[in-house]
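In: Sequence first, then the predicted structure:
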Amino acid sequence: MIEKLQKKYALSEQGAKDLIKGCIACALQNISFMFPVGLLYFLVSDLMAGGISAQRTVFYIVGCVICVGIILLTTWFQYNATYFATYKESGVRRISLAEQLRRIPLSFFGKKDLADLTSTIMADCTFLEQSFSHFIPELFGAVASTVLVAIGILFFDWRMALAALWVLPVSFAIVWLSAKVQEMLNRKSMDAKMACADGIQECIETVRDLKSCNAEEAYLEGLDRKIKAVEHRAVISEFGTAAFVVSASLILKLGIATVALVGSMLLIDGSLDVLTFFLFLLVVSRFYDPLQGALQNLAAVISTRTNIARMNEILDHPVQTGKTTLSNQGYDIVFDHVGFSYNQEETVLEDVSFTAKQGQVTALVGPSGGGKTTVSRLASRFWDVNKGTITVGGMDISQIDPETLLSLYSIVFQDVTLFDNTILENIRIGRKDASDEEVLAAARLANCEEFAQKLPDKWNSRIGENGCELSGGERQRISIARAFLKDAPIILLDEATASLDVENETLIQSALSRLIQKKTVLVIAHRMRTVAGADKIVVLADGRVAEEGPPAELLRTDGIYSRMVALQSESQGWAIKSGI
């Protein structure tokens, strides 16, 4: 049962146990509210019998105190079992989602955008927090307490019990049968919300380009339509839910009328006494209150399916696993008949084989879309190959835990990711246990001192979100400093100087020259002069190795590499000319 609840509601094991406890607590609270009804029944019975003695008065006073005590105790238990437990589970759920995302292959993130994942971790978890503190325990608690009370009144008088209970299956059936309609409405509402969130995020990220192209007004018109679509879908979803819940509630209220009608007929017929009639009127007046809320809670529980499905998509996604101990002999990277595709329709790499030797620089070049970046990502196990093997020092990397494997790699990306923190702490990402002296030494090797000394707080200056206070070259040097600090035996350089000015490119190239000494180096580059000094060139075209060898040797052939060098040499002579 625990496992089923975990799967059905995206819960931890403790969360599933707490959900059961919450349901029991809500049931006990609902039952406790029936005790005053029983006490009132005895009071009316005594009054009809001729009055209340002093001894019975004490009984009723003590009974009232006990009823209040039981209600307070069950309410306290219910509050702790639902709200407090839910807040803890909400934190556990967010952490488990984040941990799962950490272990999922990066191919998953290619199918998801930031707004969608952020919404799952924040908005969906918040909605489920409300569901598990309000809707689900109260629903099952109401059902459980109703079943117990129903059994009791059936034994008391089955005719009046049937008059009170016939509305229950009809009301719940109406809401339950609306599940598919509600799921469809919720799914469309969620799609509208995601489209709106994507649009807002895109607008913020591209505001510079929109302004420069005078496209703000047109874009905001489209964004306004997305916002209105969210409002439209929300209204439809609320109406769709309300139509079923209100209809079910109306039928539920008919139970009071049928109890009064049947009771009156039996009373006139002489087969029912006034006291029993009065008891049932009291019971149904309290009986339907939790069920009224239960119908709304049932609709809310149905609506959580969309949010739970989004969470389970993350939690059920296969993760990358492997050994946590390394067995490599050296650091040669070998691609052996590797094939890879991001999806079934598009093959990116097909039968790729080459070796990047330790102590050498191996450069990956070729036309755009040839698979260069994919090769570097496969080498570091950001993705897993579809066929073939990749080894490091003879060790199959598919058998190694990704985080353990990445201890062998220092990676310098073209697009640097920095954090809104100090320069020192951004560099310390390379090795979290490094001392300040070690961080400063790595920073100087990467030529960071030149710009750090100009900042107000020097090395302790905060650099803004994603390093917005720094230039592109300065941000890139921090990335290289991280690699120096990590000092891994394998270096992956992904277009590290592609978008830099001449001055910054020179500084970074000098830093990279110090970084790559005596290491296995895999370089991706579009500028042929960047890799002219490489030990080996691997030319990738159409997902295959078209050529490989030393640069001088490839230049002598009339192949892709020699043509790319010739074209870039010609492009260097191009200049903007006036039409005058």
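Out: All right, it came through fine. Please read all numbers here as calculations on a predicted model, not as lab measurements.
In: Going along the chain, name the strands of the protein.
Out: According to DSSP state E, the chain carries its strands in the segments 333-343, 346-356, 361-365, 387-392, 395-396, 409-412, 490-494, 520-524, 536-541, 544-549.
In: List the strands paired with the fifth one, with their directions.
Out: What that stands for is strand 395-396. When pairing is defined by DSSP bridges, strand 395-396 lines up against strand 387-392 (antiparallel).
In: what's the answer for the second one, then?
Out: Sheet pairing here is set by DSSP bridges, and for strand 346-356 it gives strand 333-343 (antiparallel).
In: Can you lay out the strands of the chain as TSV showing mean neighbour count and distance to residue 469?
Out: C-betas here are computed from N, CA, C, even on glycine. Listed next are the strands of the chain as TSV, based on neighbours: other Cβ atoms under 10 Å; distance: least, Cβ to Cβ, whole Å:
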stretch	mean neighbour count	distance to residue 469
strand 333-343	18	35
strand 346-356	18	36
strand 361-365	25	33
strand 387-392	18	37
strand 395-396	18	41
strand 409-412	23	21
strand 490-494	24	24
strand 520-524	25	28
strand 536-541	23	37
strand 544-549	18	42
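In: contact partners of stretch 539-559?
Out: By Cβ atoms under 8 Å, 6 or more residues apart in numbering, the residues outside stretch 539-559 that reach it are 347-354, 364-367, 370-372, 375, 531-538, 560-562, 565.
In: meant to ask about stretch 195-211
Out: Stretch 195-211 is contacted by residues 113-116, 118-119, 215-216, 219-220, 222-223, 226-227, 229-230 when judged by Cβ under 8 Å, 6+ apart.
In: ok so, going back, which of the strands of the chain sits closest to residue 105?
Out: Minimum separation from residue 105 across the strands of the chain (Cβ to Cβ) falls at strand 333-343, 11.0 Å.
In: picking up where we left off before, can you tell me which of the strands of the chain comes nearest to residue 423?
Out: Between residue 423 and the strands of the chain, the tightest spacing by Cβ to Cβ is seen for strand 409-412, at 16.8 Å.
In: Now do the same contact list for residue 178.
Out: By Cβ under 8 Å, 6+ apart, the contact set of residue 178 is 240-241, 244, 299, 302.
In: Out of the residues you listed, which comes closest to residue 108?
Out: Using Cβ to Cβ, the shortest approach to residue 108 within those belongs to residue 302, at 27.8 Å.
In: my read: the closest one touches residue 177, true?
Out: No - proximity of residue 302 to residue 177 does not meet the contact threshold set by Cβ atoms under 8 Å, at 10.5 Å.
In: The two: which is more packed in?
Out: Neighbour totals were compared for residue 302 and residue 177, and residue 302 leads with 21 against 10 (other Cβ atoms under 10 Å).
In: Quick one: residues contacting that one.
Out: For residue 302, the residues meeting the contact criterion (Cβ under 8 Å, 6+ apart) are 175-176, 178-179, 182-183.
In: Quick one: which of these is the most crowded by neighbours?
Out: Highest count within those by other Cβ under 10 Å belongs to residue 175, 23 neighbours.
In: and the gap between that one and residue 22?
Out: Here the criterion is Cβ to Cβ, to the nearest Å. By it, residue 175 lies 21 Å from residue 22.
In: mean confidence for stretch 150-169?
Out: The average pLDDT for stretch 150-169 rounds to 83.
In: Which residues does that stretch contact?
Out: Contacts of stretch 150-169 with the rest of the structure, by Cβ under 8 Å, 6+ apart, involve 146, 251-252, 254-255, 258-259, 261-263, 266, 272, 276-277, 279-280, 283-284, 287, 291.
In: and the residues you listed, which are buried?
Out: Burial of the contacts of stretch 150-169 was assessed by neighbour count (16 or more other Cβ atoms under 10 Å); the buried members are 146, 251-252, 255, 258-259, 262-263, 266, 272, 276-277, 279-280, 283-284, 287, 291.
In: just checking, which of those residues belong to helices?
Out: Restricting the buried ones among the contacts of stretch 150-169 to those inside helices, with DSSP state H as the criterion, leaves 146, 251-252, 255, 258-259, 262-263, 266, 276-277, 279-280, 283-284, 287, 291.
In: list the buried ones in stretch 453-463?
Out: Of the residues in stretch 453-463, those buried by neighbour count under the rule 16+ other Cβ under 10 Å are 455, 459, 461-463.
In: First-to-last residue distance for it?
Out: End-to-end distance of stretch 453-463: 13 Å, with Cα to Cα, to the nearest Å as the criterion.
In: Now tell me what touches it from outside.
Out: Taking contacts as Cβ under 8 Å, 6+ apart, the residues outside stretch 453-463 that touch it are 418, 420-424, 426, 440, 443, 452, 469-470.
In: who wins for neighbours among the residues you listed?
Out: Of all these, the most densely surrounded is residue 423 (28 neighbours; neighbours counted as other Cβ under 10 Å).
In: Verify the stated contact: it with residue 446.
Out: No - between residue 423 and residue 446 there is no contact under Cβ under 8 Å: 11.0 Å.
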